[in-house]
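> When you get a sec, could you give me coordinates for this:
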Amino acid sequence: MAPKNLLLLLVSLFPAVAFGQIKPIQLKFENGQIKSSFKSPDGEKAFILDAVMPSTYQSSNTQLISADSTGMVVKKHIKYFNNECDLTNTVKRTIYGLQWDIEITAKDTNSWNTPIETSLQWLHQDSALFWTTWADNQPDVKTDAWHDPFTPAHFRSLSLTYGGETHLSRNAFVIPIASTFFNNDNIGLSFLQSLNDTILDLEMYTTADGKIAYRHLNHRINSKYSIHILHQIVLHQADWRDGIAWMAKNYKAYFFPEESLVNTIAGCAAYSSYEGELDTAKYRKMAFSLNWKASLDFPYMGMFIPPVKNNDEKWLKYKQRGVQVGDGYATINGLNKYSEHLNQLGFHTISYFNVNEFGNGIVYPYKTTPVTDDSLWKNPNNFVYTRLKKAFLKPAGLLPDWDDRPVFSNWEDCIVLDPADSTYKSFLLNQARLHIQNIPASSGICIDRLDWMRFYNSNGDDQTSMVDRQKTQSLLLSWKNLMHPLSQIMHNAHKVIFCNPLDRRIDLMAHIDGIYDEFGYMASSLNLCAQMAFFKPIIAWTASKENLTPHPDAYFQRHLYLGAFLTAPYPGNDHTIQPDAWAEKYYLDYGPMLSAIKGREWLLAPHVVQITNGTAKANAFKVNGKIIIPVVLGGSAKTASVNIKLPSSELGAKSIKIRVLYPGETKWRSLKNTANAKTLKLNVPLKRGCALISIG
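Below is the predicted model of the structure:
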């Protein structure tokens, strides 16, 4: 594409970026490096792209294979002990910036692995700011005080793990996007990792002098399979929304729900086994909508719908910590009648599901007892050791080859299985079919415990991963291979799939319709999960009324800001908030505001909303043809000055009505009627530091 045409396309895509003063990115091969640059009103911005394998010997003869006006190809030769490979960089100029393909090919059938580092180094980052999808810009601070995750920071030494090292990690990022902002020029540049690549373990680090690097771990190198890494470098405005909007548009499968019903059923929720009557009017006022039926109906973990002879045959429910629920028995008809009853009250249920944990009271070693096939399911030890032993997880590097013991979960002596095993995978898919067949009144499932996806199974071989020179099966890949057929089963029946994403990675969210975050009462977890749910509903766990203290208004307002629903104080809640008059008052106060964001999608237009005075924060959502703007955390301020820049495509009407809703109130108040304009400047009264603005 000719530079003139490329410039015209850039102007059409980014009209507010200095009105066409940003020139297309230039490329040149200089001193053995790939140098990129673009001109801006404040001068040239330049950076170096590089791909290396740390701790290996790299040939000093970095070769320029080809170069023209569209891009270049550069090759390095890598030696690692007796192993060798070629690392080829192909960088192309595009409408949005640059596409950077890295291909690693080996000539030997011998398998080996070493970290692969891909980096963008700014030559003069000056006053540039950095942002990624982190818990907040203070990941090294040991606190769970809430901070806005969308606040950038100056470049500094920083190390983050994709998904987090554990489900409690703050030093995590959830979408592989690393953005640099030059605010004086209103220019942003995002360094992205393609979500369509095979991503195993991934780290991100930055340095004070402007380096951004991804470190790709545990990829297997041999002549049979090459490794492909694709990065995109996108120019946009100096707002994180612009980079995320580009990513969501180009990787829709990971950002958008597949079943639109999810926005109908999502709202404040419960995790309860309670089957009694409800004060329905009260719960509607609290924006309650959904119960994730607590995991106490099955005979044991994983056997969610046992192969009973008929729908009225009873089985003994599992007794968590030895506690009996109700009469202690369940039937298929009973499960469906419960969901039907909740539907009649105007609420919904989703059923418990788990793809890694199995059985309860599992013992090792175990000698199976001969029983007939139709009775095998009744004893979890018999079933798992007879049918599913090949699915046992054996964490790479932790157990010797001869040791066949299972890995135990921390819940009631269940064990961990790998759904890459064909028998176990078939079992899980059949369980999904049985849910649809036997509990049609349920709206779908919620899959628990994605934290197991961090493991590598040395009992399997995915042809892709390698840990400590050992061929393995990544449970990340096991999940992805399972979710495609599982989602077809569920979504073809218009059933939703929620998950509890304790490994918080956007590439695990394909086929997932909504998030129920078990650690949502922690500020870091809420922030991380919310950034995977720009176009999906998120429900955040509230463990107890103490989570609301010491500032209940701030607790609810940060959920409004992030577009997140809460766990409601509901009878029988399992390790979540119980009914309590003091707590319920706040749920009732904020219930109408939470109901108003039902079905919201984030409005990811650059600079869409800004507070020009005070400490309040504002966000913007699209909800049922209206724009909803929560203004929150204003403290004792009586008003907030709000500037709103709406894309012309969002509100076509010539005149618009602007209304506000406050905590503790149920009726919207008229703020003003005005002609539609590119920029709206509002002086909004606040109550309890908060207002919800409706434009439409």
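
> what stretches of the protein score poorly on pLDDT?
1-23, 56-60, 651-653 (pLDDT under 70).

> From residue 316, how far out is the residue nearest to residue 412 when sequence neighbours are not counted?
Computed as Cβ to Cβ, 6 or more residues apart in numbering, the closest residue to residue 412 that is not its neighbour in sequence is residue 360, at 4.7 Å. All C-beta atoms are positioned from the backbone trio N, CA, C, and that covers glycine. Distance, residue 360 to residue 316, using Cβ to Cβ, to the nearest Å: 12 Å.

> Count the residues that sit near the residue nearest to residue 412.
One way to gauge burial is a neighbour count; for residue 360, by other Cβ atoms under 10 Å, it gives 22.

> try residue 424
What residue 424 shows, counting by other Cβ under 10 Å, is a neighbour count of 25.

> I'd like the next helix or strand past the one helix or strand it maps to.
Taking DSSP states H and E as the definition, one finds residue 424 inside helix 422-438. For helix 422-438, the succeeding helix or strand toward the C-terminus, using DSSP H and E, is strand 444-448.

> And the contacts of that following strand?
259, 292, 295, 350-355, 357, 432, 435, 490, 495-500, 513, 516, 518 (Cβ atoms under 8 Å, 6 or more residues apart in numbering).

> Filter those residues down to the ones in helices?
Members of those lying in helices (criterion: DSSP state H): 432, 435, 490.

> Spatially nearest residue to the second one, not counting backbone neighbours?
So that's residue 435. residue 351 (5.7 Å).

> Would you check that the one you found makes contact with residue 438?
No - in this structure residue 351 lies outside contact range of residue 438 using Cβ atoms under 8 Å: 10.1 Å.

> what do those two both touch?
In contact with both residue 351 and residue 438: residue 335, using Cβ under 8 Å, 6+ apart.

> Compare these two (neighbour count), which wins?
residue 351 (23 against 17).

> Tell me the bridge partners for the more buried one.
residue 445 (DSSP bridges).

> Could you shift the numbering so residue one becomes 40, and keep it that way?
OK, 40 is where the count begins now, so the last one is residue 390.

> Run through the residues that contact it.
Here residue 390 is in contact with 332, 343, 374, 474, 478, 481, 483-485 (Cβ under 8 Å, 6+ apart).

> Output the residues you listed in a markdown table, with distance to residue 450 appended to each entry.
Formatted as a markdown table, the contacts of residue 390 follow (distance: Cβ to Cβ, whole Å):
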| residue | distance to residue 450 |
| --- | --- |
| 332 | 17 |
| 343 | 15 |
| 374 | 21 |
| 474 | 21 |
| 478 | 23 |
| 481 | 22 |
| 483 | 22 |
| 484 | 18 |
| 485 | 16 |
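
> so what's the backbone phi/psi at the spatially closest residue to residue 81 that is not a sequence neighbour?
With Cβ to Cβ, 6+ apart as the criterion, residue 81 has its nearest non-adjacent residue at 4.9 Å, and that residue is residue 224. Backbone torsions for residue 224, taken as degrees, to the nearest 10, come to phi -100, psi 0.

> Now for residue 224: which residues touch it?
57, 79-81, 277.

> Among those, name the ones in strands.
Members of these lying in strands (criterion: DSSP state E): residue 79.

> among the contacts of residue 224, who's most crowded?
residue 277 (25 neighbours).

> which residues touch that one?
220-222, 224-227, 645 are the contacts of residue 277 under Cβ under 8 Å, 6+ apart.

> How about residue 138?
Applying Cβ under 8 Å, 6+ apart, the residues contacting residue 138 are 130-131, 269-272.

> still on that earlier bit, how far away is the residue nearest to residue 81 from residue 83?
11 Å.

> try residue 267
31 Å.

> now residue 571
For residue 571, the distance to residue 83 - Cβ to Cβ - is 36 Å.

> what about the two, which has more around it?
Taking other Cβ under 10 Å, residue 571 and residue 83 do not tie; residue 571 has more neighbours (24 against 12).

> so which strand or helix has the residue nearest to the spatial centre of the chain?
In the chain, the residue lying closest to the centroid (Cα atoms, centre = their mean) is residue 571, at 3.3 Å. Residue 571 belongs to no helix or strand when assigned by DSSP H and E.

> isn't residue 587 right next to residue 594, touching?
Yes - using Cβ under 8 Å, residue 587 is in contact with residue 594, at 5.0 Å.

> what sits in contact with each of the two?
residue 625.

> Tell me, how many residues neighbour the nearest residue to residue 254 once chain neighbours are set aside?
Nearest residue to residue 254, sequence neighbours excluded (Cβ to Cβ, 6+ apart): residue 242, at 4.2 Å. Residue 242: 18 surrounding residues under other Cβ under 10 Å.

> mind listing the strands for the stretch 490-639 of the chain?
495-496, 504-506, 509-513, 535-538, 553-556, 577-579, 603-605 (DSSP state E, counting those that start in this stretch).

> Out of the ones you listed, which is closest to residue 327?
When the strands of the stretch 490-639 of the chain are compared by Cβ to Cβ, strand 603-605 sits nearest residue 327, at 9.2 Å.

> Give me the contact list for that closest one.
305-308, 326, 328, 559, 565, 568-569, 572, 576-579, 581, 595, 598, 626, 633.

> ok, of the contacts of residue 390, which one's closest to residue 715?
Once Cβ to Cβ is applied, the member of the contacts of residue 390 that ends up nearest residue 715 is residue 483, at 39.0 Å.

> Checking my notes, residue 345 in a helix, right?
No - if the criterion is DSSP: H, G, I helix; E, B strand; the rest coil, then residue 345 is coil and not within a helix.

> my read: it touches residue 337, true?
Yes - the pair residue 345 / residue 337 is scored as a contact, 7.5 Å apart, by Cβ under 8 Å.

> Neighbour count: these two, which is higher?
The residue with more neighbours, out of residue 345 and residue 337, is residue 337; 21 against 17, by other Cβ under 10 Å.

> Distance-wise, check residue 704 relative to residue 731.
10 Å.

> And those two? Which one has more around it.
residue 731 (24 against 14).

> how long is stretch 92-100 end to end?
15 Å (Cα to Cα, to the nearest Å).

> For the closest residue to residue 632 other than its chain neighbours, list each beta-bridge partner.
Spatial nearest neighbour of residue 632, chain neighbours left out: residue 731 (4.9 Å); criterion: Cβ to Cβ, 6+ apart. When assigned by DSSP bridges, residue 731 has beta-bridge partners residue 669, residue 700.

> So residue 731 versus residue 156, what's the distance?
For residue 731, the distance to residue 156 - Cβ to Cβ - is 45 Å.

> now do residue 592
45 Å.

> more neighbours, the two?
residue 592 (20 against 17).

> what sits against the more buried one?
625, 702, 727-729.

> try it again with 7 Å
By Cβ atoms under 7 Å, 6 or more residues apart in numbering, the contact set of residue 592 is 702, 727-729.

> quick one: which of these is nearest residue 284?
For the contacts of residue 592, the nearest to residue 284 is residue 729 (26.6 Å; Cβ to Cβ).

> Give me the neighbour count for the closest one.
Residue 729 has 28 nearby residues by other Cβ under 10 Å.

> Also residue 687?
8.

> So the closest residue in space to it that isn't next to it in sequence versus residue 697, what's the distance?
Excluding its sequence neighbours, the residue lying closest to residue 687 (Cβ to Cβ, 6+ apart) is residue 717, at 7.2 Å. Using Cβ to Cβ, we find residue 717 at a distance of 15 Å from residue 697.

> Could you do residue 551 as well?
35 Å.

> out of the two, which sits in the busier spot?
Comparing residue 551 with residue 697 by other Cβ under 10 Å, the one with more neighbours is residue 551, at 25 against 19.

> what helices or strands is the strand or helix carrying residue 244 leaning on?
Assessed by DSSP H and E, residue 244 sits inside strand 240-245. The elements that strand 240-245 packs onto, with contact taken as 3 or more Cβ pairs under 7 Å, 6 or more residues apart in numbering; DSSP states H and E, are strand 197-201, strand 211-221, strand 250-256.

> Report the strands that pair with that strand, each with its relative direction.
Partners of strand 240-245 in its sheet, by DSSP bridges: strand 197-201 (antiparallel), strand 250-256 (antiparallel).
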